[in-house]
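Novice: give me the fold of what follows.
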Amino acid sequence: MVEKAIKKLVCYGVERGLVSPEDVIYTTNALLEILGILEYEEPEEEYAQVELEPVLAELCDYGVEQGLIQDGTASRDLFDTKLMGALVAPPSVVRGEFFRHYAESSREATDFYYQFSQDTDYIRRYRIAKDMKWTVDTEYGTLDITINLSKPEKDPRAIAAARQVKQSGYPKCLLCMENEGYAGHLNHPARQNHRIIPVTIQGSRWGFQYSPYVYYNEHCIVFNSRHIPMKVERGTFCKLFDFVKQFPHYFVGSNADLPIVGGSILSHDHFQGGNYEFAMAKAPVEREFSVEGFSDVNCGIVKWPMSVIRLNGPDTDRIADLADRILQKWRGYTDEAAFLYAETKGEPHNTITPIARKRGEAYELDLVLRNNITTPEHPLGLYHPHAELHHIKKENIGLIEVMGLAVLPARLKGELEGLARALLTGGDIRKEEALALHADWVEGFAHKYTFTSQEQTMEILKKEVGLVFSQVLSHAGVYKRTPEGMEAFLRFVNAV
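Specialist: Sure, this is the predicted structure:
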């Protein structure tokens, strides 16, 4: 059976263009070495349209049986990535192919690379397909909601084993160039099947890759070749525009550079982008304004639950100059009446989440004003989801959420299914430990509906989750969508 699985995997590689027909024997031998097989008789049957997941599962089962690996998700992921690495060409070959496509068009290049990243199993399509995704219409447009099920949760054995693994400084983090081809270990994913595309941004070397957990179409990561901390400054805006000029069909943005309002990896300078239009990008400007000396830049406040200034114009240097003025003013801006403080006890609180895109012949930059102050009532952040929303979303509101896509924890899938059953049968939600945290929320909307089936009830719950996410964004907005909030927002605009 293992010989058939090996043949199927090689056929998959040929069919997907990963393995040249001339390299079939070479690739087969590489797989035999990994599997510790000395005697091999190739099956005569040729295989087409090979489904990758069951083949890799079969080879991992063999690895467990032979004592090559321990059973468990982490060990199997390390092993099947090593197997896939035998099918993937060296970086120089992949990059050469990418830039051959790029000579035709940037879109053709990213189409090639995105397909390649899936075919190599760097993006595990069969896991991504398990993610729950839906949309909810709100007063701010159609929000995207995802419950992420594709990130494997470590089982207790893997957690225990990981404690025994010596902590390494190589690679320094998951975004370092040194991840390309890295074997990984229980505390670090394997990357033998990973290839990075080099890009030059503002004269410096950066890397371009896709997220293995694609939250939206062509979700990419653009990262500095050097392991240096995140920093939002004028140069950040220039870098974002430089990338958009090279890939005009992509947006790109940066997480903020402070804890609570920043991304999950603040230690490595990076951006996220992709070929997708979020609700925030579609949101209209509801209040235009002008800044003296910048008549060539269109400015406005965006109709969005968070506090967003949109700049638009033909000259990216001019947009970057104005964005820098706004950033510098915001860094030092305090408005006690609006409970906005630039710093407390020497700790800075104000920063910006910037997002760049090409809009027709013009360029656009959205500046989302952020503040990470905490209070005794809101120890995780005043401009952060408040405690009553933590049953749905407790984590930081980073770049992706800011733009209108909720990335929600995997636990919610089972909890929503349990809530649907309880609503249909009249069960007491407060008495079920796994569901009790949702009781206040459900009691707040249940009276509006008649629940008729599991499917219909799940649709209602999904809609209500989307409305909670809209509240999450409102909590994260420094200026609330009230007359007083707009008045305070305009005080800052006037200060600029």
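
Novice: hey, which helix or strand in this protein has the poorest pLDDT?
Specialist: Of all helical and strand segments in the chain, the minimum by mean pLDDT, DSSP states H and E falls on helix 156-164, at a mean of 50.

Novice: helix or strand next in line after it, which one?
Specialist: Along the chain past helix 156-164, the next helix or strand (assigned with DSSP states H and E) turns out to be strand 197-201.

Novice: what lines up beside that next one in the sheet?
Specialist: In the sheet, strand 197-201 lines up against strand 204-210 (antiparallel) (DSSP bridges).

Novice: grab the most central residue of the protein for me.
Specialist: Nearest to the geometric centre of the chain sits Tyr215, at 5.4 Å (Cα atoms, centre = their mean).

Novice: okay, now the closest residue to Val468 other than its chain neighbours: neighbour count?
Specialist: Using Cβ to Cβ, 6 or more residues apart in numbering and skipping residues adjacent in sequence, the residue nearest Val468 is Ile392, 4.7 Å away. C-betas here are computed from N, CA, C, even on glycine. Residues within reach of Ile392, counting by other Cβ atoms under 10 Å, total 25.

Novice: Ile392 reaches Leu467, doesn't it?
Specialist: No: using Cβ atoms under 8 Å, Ile392 makes no contact with Leu467, being 10.0 Å away.

Novice: scan this structure for its longest helix.
Specialist: Taking DSSP state H as the criterion, the chain has its longest helix at helix 454-476.

Novice: report the mean per-residue pLDDT for the helix or strand following that helix.
Specialist: The element immediately downstream of helix 454-476 (helix or strand, assigned by DSSP H and E) is helix 483-495. Throughout helix 483-495, pLDDT has a mean value of 98.

Novice: just give me how far stretch 65-74 sits from the chain centre.
Specialist: From the chain centre to the centre of stretch 65-74 is a distance of 30 Å (Cα atoms, centre = their mean, to the nearest Å).

Novice: got the angle for the one helix or strand Asp137 maps to vs helix 454-476?
Specialist: Assigned by DSSP H and E, Asp137 belongs to strand 132-138. Angular relation of strand 132-138 and helix 454-476 on a 0 to 180 degree scale: 60 degrees, by axes from the mean of the first three to the mean of the last three Cα atoms, to 10 degrees.

Novice: for strand 132-138, packing partners?
Specialist: Packed against strand 132-138, as judged by 3 or more Cβ pairs under 8 Å, 6 or more residues apart in numbering; DSSP states H and E, are the following elements: strand 141-147, helix 454-476.

Novice: shouldn't the residue nearest to the centre of the chain be within a helix?
Specialist: No: using DSSP: H, G, I helix; E, B strand; the rest coil, the secondary structure at Tyr215 is coil, not a helix.

Novice: how far away is it from Gly404?
Specialist: Counting by Cβ to Cβ, to the nearest Å, the gap between Tyr215 and Gly404 amounts to 12 Å.

Novice: report the set of residues contacting both of the two.
Specialist: Contact criterion Cβ atoms under 8 Å, 6 or more residues apart in numbering; residues shared by Tyr215 and Gly404: none found.

Novice: list the contacts of the residue nearest to Val468.
Specialist: Under the criterion of Cβ under 8 Å, 6+ apart, the contact partners of Ile392 comprise 408, 412, 441, 465, 468-469, 472.

Novice: got any ranges where the protein has weak pLDDT?
Specialist: Judged by pLDDT under 70, the chain has its weakly predicted residues at 151-168.

Novice: got the domain boundaries for it?
Specialist: Domain assignment of the chain by automatic domain parsing yields the ranges 1-87, 160-212+215-383+478-495.

Novice: any idea whether the residue nearest to Val468 is helix, strand or coil?
Specialist: With three-state DSSP as the basis, Ile392 sits in coil.

Novice: the chain should start at 874 in everything you say after this.
Specialist: Noted, 874 is the first residue going forward, which turns the last one into Ile1265.

Novice: can you tell me how far it sits from Tyr1149?
Specialist: For Ile1265, the distance to Tyr1149 (Cβ to Cβ) stands at 23 Å.

Novice: follow-up on the earlier one: buried residues in the longest helix of the chain, which are they?
Specialist: Taking 16 or more other Cβ atoms under 10 Å as the basis for neighbour counts, the residues of helix 1327-1349 that come out buried are 1330-1331, 1333-1349.

Novice: same thing with stretch 1156-1175?
Specialist: Judged by neighbour count using 16+ other Cβ under 10 Å, the buried positions of stretch 1156-1175 are 1156, 1158, 1167, 1170-1175.

Novice: repeat that for stretch 1081-1101.
Specialist: Those buried within stretch 1081-1101 under the rule 16+ other Cβ under 10 Å are 1081-1089, 1091-1098, 1100.

Novice: cool, and stretch 1102-1114?
Specialist: Judged by neighbour count using 16+ other Cβ under 10 Å, the buried positions of stretch 1102-1114 are 1103, 1105, 1109-1114.

Novice: so what's Thr1172 up against?
Specialist: In this structure residue 1172 is Cys, not Thr. The neighbours of Cys1172, taking Cβ under 8 Å, 6+ apart as the test, are 1161-1164, 1182-1184, 1195.

Novice: 6 Å instead, please
Specialist: Cys1172 is in contact with 1162, 1164, 1184, counting by Cβ atoms under 6 Å, 6 or more residues apart in numbering.

Novice: for it, which non-adjacent residue is closest in space?
Specialist: When the adjacent residues along the chain are set aside, Cys1172 lies closest to Phe1162, with 5.2 Å between them (Cβ to Cβ, 6+ apart).

Novice: how about that neighbour, phi and psi?
Specialist: Reported as degrees, to the nearest 10, the phi and psi values for Phe1162 are phi -150, psi 170.

Novice: would you mind measuring from it to Ile1199?
Specialist: 11 Å.

Novice: please apply the same query to Gln1329.
Specialist: With distances defined as Cβ to Cβ, the gap from Gln1329 to Ile1199 amounts to 47 Å.

Novice: and what of Ser1163?
Specialist: Between Ser1163 and Ile1199 the distance is 13 Å, computed by Cβ to Cβ.

Novice: returning to that earlier point: from the contacts of Cys1172, pick the one nearest His1141.
Specialist: Closest to His1141 out of these is Leu1184 (26.9 Å), distances taken as Cβ to Cβ.

Novice: quickly list what that closest one is bridged to.
Specialist: According to DSSP bridges, the residues that bridge with Leu1184 are Cys1172, Leu1238.

Novice: residues near it, how many?
Specialist: Burial measure for Leu1184: 24 neighbouring residues, criterion other Cβ under 10 Å.

Novice: what do you get for the one 4 residues further on?
Specialist: The criterion is other Cβ under 10 Å. On that basis, Asp1188 has 12 neighbouring residues.
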